[in-house]
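[1] 3D, please:
(4 chains)
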Protein chains: 2
Amino acid sequence: MQVRARIEQASPDLTNAERKLCTALLSDYPFAGLEPIQVLAERTKVSSPSISRFVNKLGFQGYGEFQRQLINEMKQGQRSPVHVHGSGRPIHDDYLENFMARATELMSATTGAITQAQFDRVCTILMDKKRSVYVLGGRFSDSIALHFSRHLRLSRPHVHHLPADPEIWPEYMLRMKPRDILFLVDFRRYQPNLLHLAKYASDQRSARIVLVTDKWLSPVSRYAAEILAAPIEIGTVWDSYTPALALIEAVLTRIAEETWHDTRARIEAWDAARMPAEGL
Amino acid sequence: MQVRARIEQASPDLTNAERKLCTALLSDYPFAGLEPIQVLAERTKVSSPSISRFVNKLGFQGYGEFQRQLINEMKQGQRSPVHVHGSGRPIHDDYLENFMARATELMSATTGAITQAQFDRVCTILMDKKRSVYVLGGRFSDSIALHFSRHLRLSRPHVHHLPADPEIWPEYMLRMKPRDILFLVDFRRYQPNLLHLAKYASDQRSARIVLVTDKWLSPVSRYAAEILAAPIEIGTVWDSYTPALALIEAVLTRIAEETWHDTRARIEAWDAARMPAEGL
DNA sequence: TTGACTTTGAAAGTATCTCATCAATACTGA
DNA sequence: TCAGTATTGATGAGATACTTTCAAAGTCAA
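    Below you'll find the predicted structure:
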């Protein structure tokens, strides 16, 4: 990958506009570079002269030559299937690449951790509109939980995200009916908070608890009807929540597809309700 | 393969020169068609007007449109393995495995989209304690942003997550000093909200904007000093934010490691402050 | 804050590419 | 062979795409 390499090489001393071009080019490589210079300028909000200067800096005579080179690369690539991934960059010393590789590995490990039947069951009970769904995560994992509730809300009614402050929980807990779902996300450094909540919901309200946790299993698992355990250990100071996010996205996507008719209607209704505000 | 099909369809009633073109095009498909018309004319020993007439016959407006179509086809082909919901049929076989495989693929594509230098720069300015950091995401992407601010807070002071309600933003905006950082996450179905915020922060407060977006580049990119573009298109009803999360985690991890001494102290202080509450 | 330096986009200029015209040529059938 | 038709390429007009110039805005160090 000649051009890609040149970009990376030049990348330390680039100007602001040039960096934008970098991102645009690399994020849709190599097709972004095949558009006419004007179109690319429009997309990246950078003037065409800046693009021209940029490709000069990369060592090309002009934009045309740059494009020809991109096409050539594709032509080459077509022949040798070797180049598909990487080959272009030094593996050592690249923090990002290293990290991503590990995260990717975690991701592929996730599939094995959850059975198809388990996945199906979770999706099914979450699709049941007669049950209300209450969602909460821990201090850090709540961002994952939030992602979940925001999307689930588009596919079905009665989705409630509990606020972080435990003082307000009773308001929700008292509303829980038997068979309602409490969807918890709890990764290590488990929160005692959530355990109490789970115990109460399970014992007093007969709610079904669906738990997303890690392989060490949050204590909440004692009360959980369904447990989805994602690998999160990536060997750095923080754990990686990407497998958990992927898992949750898979659930959400499955639900949205199954209930596509409703989901679509809800999205449209949402947009319609939003429109007026946008004028402001 | 649209163009190829058109050629085959038209092939019965073609003239001599046109048949030559056919051969040339098909024998080096699609690259022959990507050369300038003059070059192709030279190579095939056919005049450029003949080529022009030929592509007209195929149903294209002109040579340019023909080329664009060829490029489009390649683009489509590139992401061939995914393309499932396009035909509308969710796969029931092993839904989860399928989804995870695609997410994994996205993850590994992420590395190529961001250069090491870019990554380093973003980490560096985020580590600068003299700058305050303001964080916000869109309606859905805010969960990613939240993950970011929660963790970053452990590594450095002066991290503020803006509330969702724009009414309250001014309180934060007025506090922004030049060189402060506004960290935005904005994926497609971009929010006009964020654009206004970015414009104001950039123009009025001289803040540096770091933007995490997708390859279609949020309009915020106009005001951004650093843009990280993650692939998110997974070919289902929702996009997948996993690559973006991974990217953010990489940044966070890098920062936590570089500033480990401080980060550790802050975590301990945090825990110490929390202990008393836990007894309750 | 000032002043040198860098970066940037508007506008103008230049090159290139594409297409329409038209005359020349090749082909076909009488 | 000749006339009619279809095909082709030379040419130049017109459009498009790219680059250079230049002035304004931004940035950084003193």
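[2] show me where chain A has strands.
    For chain A, the strands defined by DSSP state E cover A:133-137, A:159-161, A:181-186, A:208-213, A:226-229.
[3] Partner strands of the shortest one, with direction?
    Using DSSP bridges, strand A:159-161 pairs in its sheet with strand A:133-137 (parallel).
[4] OK, contacts around residue A:63?
    A:37, A:51, A:52, A:55 (C-beta atoms under 8 Å, 6 or more residues apart in numbering or on different chains). (Each C-beta comes from the backbone N, C-alpha and C, glycine too.)
[5] same question, residue A:255
    Counted by C-beta under 8 Å, 6+ apart, residue A:255 has contacts A:123, A:126, A:127, A:152, A:155, A:156, A:263.
[6] Pick the one among those residues closest to residue B:179.
    residue A:152 (39.7 Å; C-beta to C-beta).
[7] Tell me the pLDDT of the residue nearest to residue A:156 when sequence neighbours are not counted.
    Once flanking residues are discounted, residue A:156 sits nearest to residue A:129: 5.6 Å by C-beta to C-beta, 6 or more residues apart in numbering or on different chains. Here the pLDDT value assigned to residue A:129 is 94.
[8] Could you do residue A:91 as well?
    pLDDT, residue A:91: 42.
[9] Same question for residue A:108.
    pLDDT, read off for residue A:108, is 88.
[10] Any stretches of the stretch 1-150 of chain A with poor pLDDT?
    In the predicted model, the stretch 1-150 of chain A carries pLDDT under 70 at residues A:1, A:78-93.
[11] quick revisit: number of nearby residues for the residue nearest to residue A:156?
    Using other C-beta atoms under 10 Å in any protein chain shown, residue A:129 is surrounded by 13 other residues.
[12] and the end-to-end length of stretch A:127-139?
    With C-alpha to C-alpha, to the nearest Å as the measure, stretch A:127-139 spans 27 Å from end to end.
[13] Around DNA strand D, which positions in the stretch 1-150 of chain A sit nearby?
    A:36-38, A:48-49, A:51-53, A:55-56, A:61-64, A:67 (C-beta under 7 Å from any atom of the strand).
[14] of these, closest to residue B:179?
    residue A:53 (26.2 Å).
[15] List the contacts of the nearest residue to residue A:44 once chain neighbours are set aside.
    Distance criterion C-beta to C-beta, 6+ apart; nearest residue to residue A:44, sequence neighbours excluded, is residue A:24 at 4.6 Å. Neighbour list for residue A:24: A:32, A:40, A:43, A:44, B:215, B:217, B:229 [criterion: C-beta under 8 Å, 6+ apart].
[16] how about the strands of chain A, which one is nearest residue B:138?
    strand A:159-161 (16.8 Å).
[17] ends of stretch A:249-268, how far apart?
    Terminal-residue distance, stretch A:249-268 (C-alpha to C-alpha): 21 Å.
[18] How about that stretch, which residues are buried there?
    Residues of stretch A:249-268 classed as buried: A:249-257, A:259, A:262-263, A:266 (neighbour count, 16 or more other C-beta atoms under 10 Å in any protein chain shown).
[19] Check stretch A:225-235 too.
    Within stretch A:225-235, the residues that count as buried by 16+ other C-beta under 10 Å are A:226, A:227, A:228, A:229, A:230, A:231, A:232, A:234.
[20] Now for residue A:218: which residues touch it?
    So residue A:218 contacts A:184, A:186, A:187, A:188, A:190, A:194, A:195, A:211 (C-beta under 8 Å, 6+ apart).
[21] you'd agree the fourth one is up against residue A:244?
    Pointing back at residue A:188 there. No - at 11.9 Å, residue A:188 does not count as touching residue A:244 under the criterion of C-beta atoms under 8 Å.
[22] which neighbours do the two share?
    residue A:232.
[23] who's more crowded, the two?
    A count of neighbours by other C-beta under 10 Å puts residue A:244 above the other of residue A:188 and residue A:244, at 30 against 15.
[24] Identify the residue spatially nearest to that one, adjacent ones excluded.
    residue A:230 (4.2 Å).
[25] Close to chain B: what parts of the stretch 51-200 of chain A are there?
    A:71, A:74-75, A:85-86, A:88-89, A:94-97, A:99-101, A:103-104, A:107-108, A:110-111, A:114, A:116, A:119-120, A:139-140, A:142-144, A:146-147, A:150-151, A:192 (C-beta under 8 Å from any C-beta of the partner chain).
[26] and chain A, what are its domains?
    If you go by automatic domain parsing, the domain ranges for chain A are A:2-89, A:98-275.
[27] tell me the residue furthest from the middle of chain A?
    The outermost residue of chain A, judged against the average C-alpha position, is residue A:61 (39.9 Å), by C-alpha atoms, centre = their mean.
[28] the helices in the stretch 101-250 of chain A, which residues?
    Remark: helices assigned in the stretch 101-250 of chain A by DSSP state H, counting those that start in this stretch are A:116-127, A:142-155, A:169-173, A:192-203, A:242-258.
[29] What residues does chain A have near DNA strand C?
    Residues of chain A lying close to DNA strand C (C-beta under 7 Å from any atom of the strand) are A:15, A:16, A:17, A:18, A:45, A:46, A:47, A:48, A:49, A:50, A:53, A:64.
[30] hmm, back to that, out of the domains of chain A, deepest packed?
    domain A:98-275 (a mean of 19; mean count of other C-beta atoms under 10 Å in any protein chain shown).
[31] Pull the distance from that domain to the chain's centre.
    Centroid separation between domain A:98-275 and its chain, computed with C-alpha atoms, centre = their mean, to the nearest Å, is 14 Å.
[32] Now for the residue nearest the centre of chain A: which residues touch it?
    With distances taken as C-alpha atoms, centre = their mean, residue A:245 lies nearest the centre of chain A, 5.8 Å away. Residue A:245 is in contact with A:144, A:147, B:241, B:242, B:245, counting by C-beta under 8 Å, 6+ apart.
[33] In the stretch 1-150 of chain A, which residue sits closest to DNA strand D?
    Closest residue of the stretch 1-150 of chain A to DNA strand D, C-beta to the nearest atom of the strand: residue A:62 (2.1 Å).
[34] where does that residue sit relative to residue B:4, distance-wise?
    Remark: distance between residue A:62 and residue B:4 (C-beta to C-beta, to the nearest Å) = 31 Å.
[35] now residue A:149: how far from DNA strand C?
    39 Å (C-beta to the nearest atom of the strand, to the nearest Å).
[36] got the contact list for that residue?
    A:133, A:135, A:159, A:160, A:161, A:183.
[37] try 7 Å
    Contacts for residue A:149 (C-beta atoms under 7 Å, 6 or more residues apart in numbering or on different chains) come out as A:135, A:159, A:161.
[38] Pick the one among those closest to residue A:203.
    residue A:135 (19.7 Å).
[39] Who are the contact partners of the closest one?
    Counting by C-beta under 7 Å, 6+ apart, residue A:135 has contacts A:145, A:148, A:149, A:159, A:160, A:161, A:162, A:183.
[40] Enumerate every residue touching the closest residue in space to residue A:120 that isn't next to it in sequence.
    Of all residues not flanking residue A:120 in the chain, residue B:95 sits nearest, at 7.9 Å (C-beta to C-beta, 6+ apart). By C-beta under 7 Å, 6+ apart, residue B:95 lies in contact with A:119, A:250, A:254.
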